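1. Here's a sequence, model it:
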Amino acid sequence: MRMSFGGSPEIRARRDQVWKSLLDPKVVAASAGAVQEVQEHDATHFTVVAGLGVGSLKIKFKLEVELFDIVEGQSARMRARGKAPGSTLDIVTSFQLEELEPTLIRLVWQADSDVGGTVASVGARLLEGTARRLAEEFWRDFATGVSRSAAA
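-> Numbers count the residues shown, from 1 in each chain. Sure thing, here's the model as predicted:
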């Protein structure tokens, strides 16, 4: 099942603060409630364990994550591929920073995913709604957290 989502939250911080946060797996994981564990292999490769609940179905994915097409301080893409018992997940997310003011950054993101197996069979509308909500919550929480850190 293919899904695409996007958004553009605004962050009250300098570009370098937002960029540094985007590349920090601990900051990113703190914004993702489903993340249970992050193992950093190098600056662009990570293993992530995350739980996903869709309706009554609860599964744990192990994801191999890679940052690529990095344009320092401006944009990058992230690929996450993984499996759970009877399910697969492949996500490519792109993000770009747009400076609105010296301390106001719009983070434009787009995520395209392909989900297969048990989790996809739960039902297209239920899965799509859950995935959209989780993606939007993640980026909103990330923006709020980085804005809060920058103000401190």
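2. Per-residue pLDDT of residue 123, please?
-> Per-residue pLDDT puts residue 123 at 59.
3. ugh, typo on my part, it should be residue 103
-> Reading off the model, residue 103 has pLDDT 95.
4. Test my guess that it contacts residue 151.
-> No - between residue 103 and residue 151 there is no contact under CB atoms under 8 Å: 9.5 Å. Placement of C-beta: from N, CA and C, glycine included.
5. which neighbours do those two share?
-> By CB atoms under 8 Å, 6 or more residues apart in numbering, residue 103 and residue 151 have these common neighbours: residue 12.
6. Which residues does stretch 24-44 contact?
-> Residues outside stretch 24-44 that contact it (CB under 8 Å, 6+ apart) are 21-23, 46-52, 60, 66-68, 70, 134, 137-139, 141-142, 145-146.
7. how about a cut-off of 10 Å?
-> Here stretch 24-44 makes contact (CB atoms under 10 Å, 6 or more residues apart in numbering) with 20-23, 45-53, 60-68, 70, 76, 78, 134-135, 137-146, 149.
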